[in-house]
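Trainee: sharing a model that was predicted from the sequence below.
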Amino acid sequence: MGHDGRMELTVTRAETEAELAEVFGLRYEVYVEEMGRYRDTADHERRQLSDPEDAHSWVFAGHRDGRLVATGRLTWGGDAGFSERQRLQYRLDPFLAELPEAVMGIGERLMVRPELRGTPTLDQLLDGAKALTEHLGIRVMFGACEPHLLSLYLRMGQRTYADRNINSAEAGYLIPLINFVPPDSPLEGLGGATDPDTGAPALPRCIAQVLANEGAVTSGILADPNEYGSEIARALHEISADIHAFAGFTDDETRRCVERSNIIH
């Protein structure tokens with residue numbers, strides 16, 4: 001047990017054939033059997049799901065009492081770079097034009113066994129992975145999530161940025177996310193960006209654009225509460241002037257519903 005009473009999670013990098021096979025098996029259980037995804041690309045005979053990116057990424061395995069219960073993958077730009085699929089899916093071109101690949105990473109295939117979702121297991125996996133990769137010098141992290149997990153990740157410090165979300169038969173509907181590491185560290189001067197007038201360190205254009213808007217998502221977590229409430233009202237009115245989603249609600253009940261919502265364009 002940990003000092004706070006939580007069951008410890010041992011996080012390691014899966015590198016051997018046996019370790020990777022165990023991870024690919026958990027992916028198969030979650031993505032193929034549970035979610036019905038990747039049926040055309042999974043190895044059904046061996047009940048495994050792997051990707052080309054696994055060959056040049058950090059694959060993490062989280063074990064508790066000797067059982068694999070969580071996993072994730074980090075592709076570091078300073079290693080073999082990013083695949084064509086990743087470059088297109090995460091709209092990386094504006095970032096690659098201004099930032100060295102070595103300061104960027106992509107987190108994917110993050111999952112926890114069903115019975116442990118909602119427990120500290122996810123946080124423990126992320127903490128363990130961070131401890132293993134801090135020396136890489138990653139400052140900008142990309143990822144994606146399903147719509148129902150968006151508020152969770154936004155409250156963890158991530159934010160939306162892309163003008164178009166991901167929608168494919170294999171992956172489903174996903175919202176691209178970006179995260180700055182560490183969250184409160186200055187980003188001025190990253191990639192050598194300077195103010196053209198003063199020569200002082202400045203925000204790279206690609207990051208300034210992320211901070212200036214929310215892409216294809218408007219979130220009550222990131223927006224001014226009053227402005228967001230007005231945006232909700234406008235969005236509902238555009239659907240139908242006869243819809244009164246909050247009819248009979250008190251102001252406090254309406255506020256609590258709205259602050260947990262997102263508008264996905």
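Mentor: All right, it came through fine.

Trainee: drop to CA atoms for contacts and neighbour counts, all remaining ones
Mentor: Noted.

Trainee: so who does D195 touch?
Mentor: Shown in contact with D195 (CA atoms under 8 Å, 6 or more residues apart in numbering): P201, A202.

Trainee: tell me the spacing between it and P204.
Mentor: Separation of D195 from P204 (CA to CA, to the nearest Å) stands at 9 Å.

Trainee: three-state assignment of the closest residue to T218 other than its chain neighbours?
Mentor: Excluding its sequence neighbours, the residue lying closest to T218 (CA to CA, 6 or more residues apart in numbering) is I263, at 5.0 Å. Here I263 is recorded as strand under DSSP: H, G, I helix; E, B strand; the rest coil.

Trainee: any idea how far V112 is from I263?
Mentor: Applying CA to CA, the value for I263 to V112 is 27 Å.

Trainee: residues making contact with the helix or strand bottoming out on mean pLDDT in the chain?
Mentor: Here the helix or strand of the chain ranked lowest by mean pLDDT, DSSP states H and E is helix 225-239, holding a mean of 78. When contacts are defined by CA under 8 Å, 6+ apart, helix 225-239 is touched by residues T218, S219, G220, I243, A245, V258, E259, I263.

Trainee: buried subset of those residues?
Mentor: If you count burial by 16 or more other CA atoms under 10 Å, the buried members of the contacts of helix 225-239 come out as T218, S219, G220, V258, E259.

Trainee: torsion angles phi and psi at the second one?
Mentor: Dihedral angles phi and psi of S219 (degrees, to the nearest 10) take the values phi -120, psi 140.

Trainee: which parts of the stretch 1-150 of the chain are strands?
Mentor: 10-13, 58-64, 67-76, 104-112, 140-145 (DSSP state E, counting those that start in this stretch).

Trainee: give me the sheet partners of the fourth one and which way each runs.
Mentor: Based on DSSP bridges, the strands next to strand 104-112 in the sheet, each with its direction, are strand 67-76 (antiparallel), strand 140-145 (parallel).

Trainee: TSV please, covering these and showing mean neighbour count.
Mentor: Putting the strands paired with strand 104-112 into TSV (neighbours: other CA atoms under 10 Å) gives the following:
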stretch	mean neighbour count
strand 67-76	23
strand 140-145	22
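
Trainee: distance to G199 added to those, as a markdown table?
Mentor: Below are those laid out as a markdown table (distance: least, CA to CA, whole Å):
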| stretch | distance to G199 |
| --- | --- |
| strand 67-76 | 30 |
| strand 140-145 | 23 |
